[in-house]
Structures are given as C-alpha cells and as structure tokens.
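Peer 1: Could you work out the structure for the sequence below:
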Amino acid sequence: MSEPGGEITVLLRRWSGGDSSALEPLMTAVYVELRRIARRRMRLEPAGHTLQTTALVHEAYLRLVGQRRTNWQNRGQFYNVAARVMRRVLVDQARRRRAGKRGGGDSDLPLEETLSNIARSGVDVVALDDALEALAVIDGRQARIVEMKFFVGLTVEEIAELVSLSPASVKRHWDTARMWLRREMGGPR
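Peer 2: So this is what the prediction gives:
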C-alpha cells in the first residue's frame, strides 16, 4: 500500500484545491487501489465472486467522486473516508434488502450478491453498523479501525500506516473493539 512519491496525496490536494485536471489520474490511481483491496478481501470468500467485488468498488467509487467538497489532506484520510463509504454502501443495501423482505422496497438490488456473501459470514451488517455507531461515541479510533479492517479489508500493517500507530497498537485496538462489538451484538465473547 506504499505510495511512491505521495502521488495520491498530491493528486487529492490538487483536486480539492480546484484543479479539475487532477481528477482523472486521481480516480485511476484510487480505483486501482480500491479494486486491489476488494480483490484481496474477496479471496477469503468462495471462488467466482468477481461481480460482487466490482459492484462494491463501483458504488464506493461513485460516492467518493461526489466527495468534491472534502479538503483532502492525504491518502490516509482518503482511505478512512473510503472505509466509511464502503460501510455505508453495504449497510444501505442491507437495510433495503430487509425492507424488501417485509414487502417494501426494491428486491432487485445491485449489491445483492455482495450482501449474501456477508450474510454467509454470519455478520448482520445493520447490527454491526448500529454497534459501530455506539463504539464511535466511546472510541472513535477503534471504530475507524474496525471499518478499515472489516469493510475495506486492510491488514493491520496497512491500518497502522494510515492511522500512524504501531501494528501492535492497531492489533490491540482491533482485539478490544472486536470483543466489545461481540458483546454489544449479543455474540460469544
């Protein structure tokens, strides 16, 4: 996840400063990184889920492009926002899916396969979102680490680099947050 020469940071700053010519190379670089992250995450899932990865990345990409008014400082900030956007995409789809099961909403969801993938993992995305909101009130750093780990699939080392902590500190935060979330969501400790 190293950023040679800080290319993404430079492009983010140029774009947020009003340089529209920075958008195309920025989105190309970021899109490649988001796909890499999503592919790595999908390797943990059964084979044949390329469309799921693509759908999630495309939806997150479209939402991130809409973040024009953000004063981008660096790629760490960008990937924190990307984690939140991916979380929002998945939670929004899960809520629509639930509404569809109750007879409301649209049952033809573009990320249905991605959500079924998460459902197989036994995680209730809506309950996780609610628990993360509560955790953010108590410890915002732990909530961000969970977002980056679960929704973006970053490694402990990548998260450590982005949040300027040691990998050991990130692991401690991750372990503590996981235990708290399990308790909050009613799971085994």
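
Peer 1: which regions of this structure lie under the pLDDT threshold?
Peer 2: 1-5, 37-52, 67-69, 97, 100-123, 187-189 (pLDDT under 70).

Peer 1: Give me the residue at the spatial middle of it.
Peer 2: In the chain, the residue lying closest to the centroid (CA atoms, centre = their mean) is residue 83, at 2.6 Å.

Peer 1: Next, the contact list for that one, please.
Peer 2: 144, 147, 148, 151, 152, 154 (CB atoms under 8 Å, 6 or more residues apart in numbering). (Glycine included, C-beta is placed from N, CA and C.)

Peer 1: Let's see that with 7 Å instead.
Peer 2: Taking CB atoms under 7 Å, 6 or more residues apart in numbering, we find residue 83 in contact with 147, 148, 151, 152.

Peer 1: how close does the residue lying closest to it once chain neighbours are set aside get to residue 34?
Peer 2: In space, and not counting its chain neighbours, residue 83 is closest to residue 147: 4.0 Å by CB to CB, 6 or more residues apart in numbering. Distance of residue 147 to residue 34, computed by CB to CB, to the nearest Å: 14 Å.

Peer 1: What residues of the longest helix seen in the chain count as buried?
Peer 2: With secondary structure taken from DSSP state H, the chain has its longest helix at helix 75-101. Buried residues in helix 75-101, counting neighbours by 16 or more other CB atoms under 10 Å, are found at 75-76, 78-87, 89-94, 96-97.

Peer 1: Also stretch 10-23?
Peer 2: Those would be 10, 11, 12, 13, 14, 15, 16, 22, for stretch 10-23 by 16+ other CB under 10 Å.

Peer 1: Compute the first-to-last residue distance for that stretch.
Peer 2: Chord length of stretch 10-23, first to last residue, is 11 Å (CA to CA, to the nearest Å).

Peer 1: contacting residues around that stretch?
Peer 2: Residues contacting stretch 10-23 (CB under 7 Å, 6+ apart): 25, 26, 29, 70, 71, 72, 75, 78.
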